[in-house]
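[1] fold the following and give me the result.
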Amino acid sequence: MRARIGLVRLGLALLLGSLVGGDRGVQAQSALRAKAERETVELDLARLGFEQGLELRGTVDTRSVHFPTLAASRPDSGRLRLLLDVQLPTWQRAVLEVRVKDRGVLALDLLRWAGSEVVLPLEPGDLREPFARVEFELRGSLADDRCVDDRTAGGFVRILPRSGLELVVDTRRIDEIRNFWETLPRTVEIAVASGRGEADVFHTALLVGLALARSGREILYRELEGSPPLVAGEFGRLLPVADQVEGADRRSFGKHAVAQKPPHVVIGDPEIVAFHMKERAWVGDREEPLFPRGTNDLSLVRTGRASVLFVHPRAGAALDRLVRTGLVSLAAGTDTNLVSSGSHAEPEVETVPLGELGVELRTRWIGERGGWRFGLPLVRLPAGRVPVGVVLDVVAPVGSGGRPVSVAVWLDEELLHTGPLPDGPGPHRLRLNLPERDVRLAPELRVELVRQAEADPCTSRPTQLPAQLLASSYLILGAAPRHPRTFAELAALLDEETPLLVERDRLDRPTNLLTTLVGIGRHLFRPGTPGRVIPIAGDDPLRPERPFLLVGGVARPELVAPLRLDRGRVALVGRASGPLLEIAPGTNIAVAQLVRLGEQPGLQLAGLEPELPSWPGDRLDREDLVVGDRSGTRIALRTTRETVIRVAYPEAISWFDRLAPWRWGLILAFWAALTACLVVVLRRRA
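    All right, here's what the predicted structure looks like:
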């Protein structure tokens, strides 16, 4: 009897152990699966529009950033990761204070700190609001030697562009398109399902790439090759042959032996996209519709661990809302109530409040000197307008001891104004006319207040007092030049109606061309530009009615351009150093230049080969000619002012080029003959 009871107990123990062990195995698998579903999303400063990072100078300086928290996706945790470049002289002490939502989280003694990275965990409450305001304040003082000359260069602290907010997000909670868009990684892969040169697919892929590139992401385009043969379906739709031909094998169309990782975004005809997604096993054996929101819209398709955003080429308003809204303008550090407060703008002129341009309007604490530094991006102004003046409303500390507070204003390091502020508490208004010169894409305005110390600098320092640039400050706009001379002046004229004229054969293999246009347009185009893509043939007459963008058009004689690619070999020659760059037939280069067709200006992107190289593009600003290739920009110049480099065509020598070596002798001979004729005429009259 006891033996039987022992056996029963042993069996129960074994059964219980197996159940417990199984539960632990299930728990371990669940934990691994949950860990695999979590991703770290990096929202760094470069992605939020601070491409150069943040710089704090002087004895007191403050900057603030509104980091998006992706609260709708309910992040599990978050932390601030700061990469610092500290450059302080031996006589200066400084403390970097970091505050999150007015709560101090760090006070770092920079003189004793020897690292380069700081990681600050955030509290769960910091991630419940859409944005978390983070303030960085530098407070400096003199070290042992208090009699240091004020003119001695002070130190600075630079928060590098890779610094930012890191969020751990469960990808299963990203079920909205806006959340997916904001959580895309630093490198985004966009697949284009075309193969027939559709202009609307190309246009949509370009707009999506430009919107992502403006947020600091790197864009990689790829084609969904192996598109299935197409036949006309019902309602005029084009469907794969395998869907309509009886007995056709779907696996024979576009099948890849090796499974590819799905892209982040795919653009194209919904039937073709669905075919590729199923053939490449991105969605398994799913039978339900892949695009439940409708084919003419945006859809988020789950593919295993990740998701793919499908964008229909004619998504219309949904795509427009997606590419026009982003995190850059919201993260600039300006509170909404400051931006929207009433301005004192002049009704007879067109103006833009500085707050709408992302200028930080928060209070600054001024010791001996301090101020504001901000850019004026041209693409954030209305089309056809450029800045011609600025009105600054400043509240500054009152001078003491009969020594007023002085203010100095620079535009791109060119001094515009310097002088004392009027007596009284303020606010003080400064109205400045900007110099008439070349338009720039992002001119920088710097305003600095200087307080003269009353006491002996060896015994005391002036007390730090607050100062603020008010929201009533604004930019005065004027008409952009109708005949632009540089890329920046052309950018002022481009708008949502600007056409992109593309040679039809270049649309068949669009990836390199899209990469180049995104590299150029991220700084040059406004959101929504270009407005449409128009395929053209080599002999189609071009009569644009507004400023335009042109891809190709090498052999068009009606095009007025600083460099012609239809005259054989081209050489950029230094007047003193000889040939600098030669472009021979067969050279795979890309040329971006300012052209004119009739009365309309435009930007031409062309090359000598049928397919342009994968040129990453560059910031086109005060030039009118840029040459680049796969390695980057080779040369950039402004031909209308260039006196050192000239464009030559060795294989197309005109009579003027043949006489060029003897030009000075011919000029002297002409003057000698003219002088002789005058002498003869005067003698006959005498």
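
[2] where does the prediction get shaky in the stretch 151-300 of the chain?
    By pLDDT under 70, the weakly predicted segments of the stretch 151-300 of the chain are 151-154, 171-173, 175, 194-197, 225-260, 280-296.

[3] please name the nearest non-neighbouring residue to the residue nearest the centre of the chain.
    With distances taken as CA atoms, centre = their mean, R214 lies nearest the centre of the chain, 3.0 Å away. With CB to CB, 6 or more residues apart in numbering as the measure, R522 is the residue that lies nearest to R214, at 5.4 Å, once sequence neighbours are left out. All C-beta atoms are positioned from the backbone trio N, CA, C, and that covers glycine.

[4] so that neighbour: helix, strand or coil?
    Secondary structure state of R522, per DSSP: H, G, I helix; E, B strand; the rest coil, is helix.

[5] who's in contact with it?
    For R522, the set of contacting residues under the criterion of CB atoms under 8 Å, 6 or more residues apart in numbering consists of L210, A213, R214, G617.

[6] what about these, which are in helices?
    In this view, these that belong to helices under DSSP state H are L210, A213, R214.

[7] how about those in CSV, adding distance to L322?
    As requested, these are exported to CSV (distance: CB to CB, whole Å):
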residue, distance to L322
L210, 12
A213, 14
R214, 13
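
[8] closest to L122 among those?
    Distance from L122 was checked for each of the ones in helices among the contacts of R522 by CB to CB. The minimum falls on R214, at 26.4 Å.

[9] counting contacts, what elements does the helix or strand encompassing Q604 pack onto?
    For Q604, the host element (DSSP states H and E) is strand 600-606. In this structure, strand 600-606 makes packing contacts with helix 487-491, helix 511-524, strand 548-551, strand 590-597, judged by 3 or more CB pairs under 8 Å, 6 or more residues apart in numbering; DSSP states H and E.

[10] from the chain's centre, how far out does that strand sit?
    Using CA atoms, centre = their mean, to the nearest Å, we find the averaged C-alpha position of strand 600-606 to lie 21 Å away from the chain's own average C-alpha position.

[11] tabulate the CA atom coordinates of it in PDB.
    The C-alpha atoms that make up strand 600-606 are tabulated as PDB, following Å, rounded to 0.1, in the frame of the first residue of the first chain:
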ATOM      1  CA  GLN A 600      11.300  81.500 -67.900                       C
ATOM      2  CA  PRO A 601      14.200  80.400 -65.700                       C
ATOM      3  CA  GLY A 602      14.800  76.800 -64.600                       C
ATOM      4  CA  LEU A 603      17.100  74.200 -63.100                       C
ATOM      5  CA  GLN A 604      18.500  71.600 -65.500                       C
ATOM      6  CA  LEU A 605      19.800  68.300 -64.400                       C
ATOM      7  CA  ALA A 606      21.600  66.400 -67.200                       C
END
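
[12] report all helices and strands that the helix or strand following that strand contacts.
    Toward the C-terminal end, the helix or strand that comes next after strand 600-606 (DSSP H and E) is strand 625-629. Taking 3+ CB pairs under 8 Å, 6+ apart as the contact definition, the neighbouring helices and strands of strand 625-629 are strand 590-597, strand 632-637.

[13] which of the ones you listed is buried the deepest?
    The densest packing among the helices and strands packed on strand 625-629, expressed as mean neighbour count by mean count of other CB atoms under 10 Å, is seen in strand 590-597 with a mean of 22.

[14] could I get the CA-only coordinates of it as PDB?
    Output for strand 590-597, consisting of C-alpha atoms alone and laid out as PDB, is shown next (Å, rounded to 0.1, in the frame of the first residue of the first chain):
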ATOM      1  CA  ALA A 590      25.700  64.900 -63.500                       C
ATOM      2  CA  VAL A 591      25.400  68.600 -64.200                       C
ATOM      3  CA  ALA A 592      23.000  70.900 -62.400                       C
ATOM      4  CA  GLN A 593      22.900  74.400 -63.800                       C
ATOM      5  CA  LEU A 594      20.700  77.400 -64.000                       C
ATOM      6  CA  VAL A 595      19.100  77.700 -67.500                       C
ATOM      7  CA  ARG A 596      16.600  79.900 -69.300                       C
ATOM      8  CA  LEU A 597      14.000  78.900 -71.800                       C
END
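
[15] tell me what that strand is packed against?
    In terms of contacts (3+ CB pairs under 8 Å, 6+ apart), strand 590-597 is packed against helix 487-491, strand 548-551, strand 559-560, strand 600-606, strand 625-629.

[16] that older thread, any idea which of the helices and strands packed on strand 625-629 scores lowest on pLDDT?
    Within the helices and strands packed on strand 625-629, confidence is poorest for strand 632-637, with a mean of 87 (mean pLDDT).

[17] partner strands of it, parallel or antiparallel?
    In the sheet containing strand 632-637, its partner strands are strand 625-629 (antiparallel), by DSSP bridges.

[18] what's the angle from the strand it pairs with to strand 590-597?
    In terms of direction (axes from the mean of the first three to the mean of the last three CA atoms, to 10 degrees), strand 625-629 departs from strand 590-597 by 150 degrees.

[19] which residues are in contact with strand 625-629?
    For strand 625-629, using CB under 8 Å, 6+ apart, the contacting residues are 562-563, 572, 581, 583, 588-594, 613, 615-618, 620, 633-639.

[20] and stretch 99-106, how far apart are its ends?
    For stretch 99-106, the first-to-last residue distance is 7 Å (CA to CA, to the nearest Å).

[21] list the buried ones in that stretch?
    Of the residues in stretch 99-106, those buried by neighbour count under the rule 16 or more other CB atoms under 10 Å are R99, V100, V105.

[22] which parts of the stretch 351-500 of the chain are strands?
    Counting by DSSP state E, counting those that start in this stretch, the stretch 351-500 of the chain has strands at residues 351-353, 364-366, 369-375, 385-395, 406-411, 414-420, 428-433, 444-450, 465-469, 474-479, 499-503.

[23] weakest of the ones you listed in terms of mean pLDDT?
    Comparing the strands of the stretch 351-500 of the chain by mean pLDDT, the weakest confidence falls on strand 364-366, with a mean of 79.

[24] okay, now the sheet partners of it, with direction.
    Each strand that pairs with strand 364-366, with its direction, by DSSP bridges: strand 465-469 (antiparallel).

[25] can I get the partner strand as CSV, trimmed to CA atoms?
    Only the C-alpha atoms of strand 465-469 are listed here, as CSV (Å, rounded to 0.1, in the frame of the first residue of the first chain):
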residue,chain,number,x,y,z
LEU,A,465,19.5,89.8,-15.9
PRO,A,466,16.8,88.4,-18.2
ALA,A,467,16.4,89.6,-21.8
GLN,A,468,13.9,88.4,-24.5
LEU,A,469,13.3,88.7,-28.2
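
[26] contacts made by it with the rest, please.
    Here strand 465-469 has contacts from 354, 359, 361-366, 370-372, 392-397, 447, 449, using CB under 8 Å, 6+ apart.

[27] of the residues you listed, keep whichever come out buried.
    Burial by neighbour count, 16+ other CB under 10 Å: within the contacts of strand 465-469 this picks out 354, 359, 361-362, 364-366, 370-372, 392-394, 396-397, 447, 449.

[28] now the strands for the stretch 101-250 of the chain?
    Listed in chain order, the strands of the stretch 101-250 of the chain (DSSP E, counting those that start in this stretch) span 103-109, 117-121, 131-142, 156-159, 164-170, 187-193, 218-223, 230-232, 238-240.

[29] the first one - contacts with which helices or strands?
    Here strand 103-109 is seen to pack against strand 92-100, strand 117-121 when contacts are counted using 3+ CB pairs under 8 Å, 6+ apart.

[30] ok, the fourth one next?
    Applying 3+ CB pairs under 8 Å, 6+ apart, we find strand 156-159 packed against strand 54-57, strand 77-87.

[31] so which of these gets nearest L500?
    Ranking the helices and strands packed on strand 156-159 by their distance to L500 (criterion: CB to CB) puts strand 54-57 first, at 35.6 Å.

[32] and the closest one, how far out from the chain middle?
    With CA atoms, centre = their mean as the basis, the distance from the averaged C-alpha position of strand 54-57 to the chain average is 21 Å.

[33] buried stuff in it?
    Neighbour counts over strand 54-57 (16+ other CB under 10 Å) mark L54, L56, R57 as buried.
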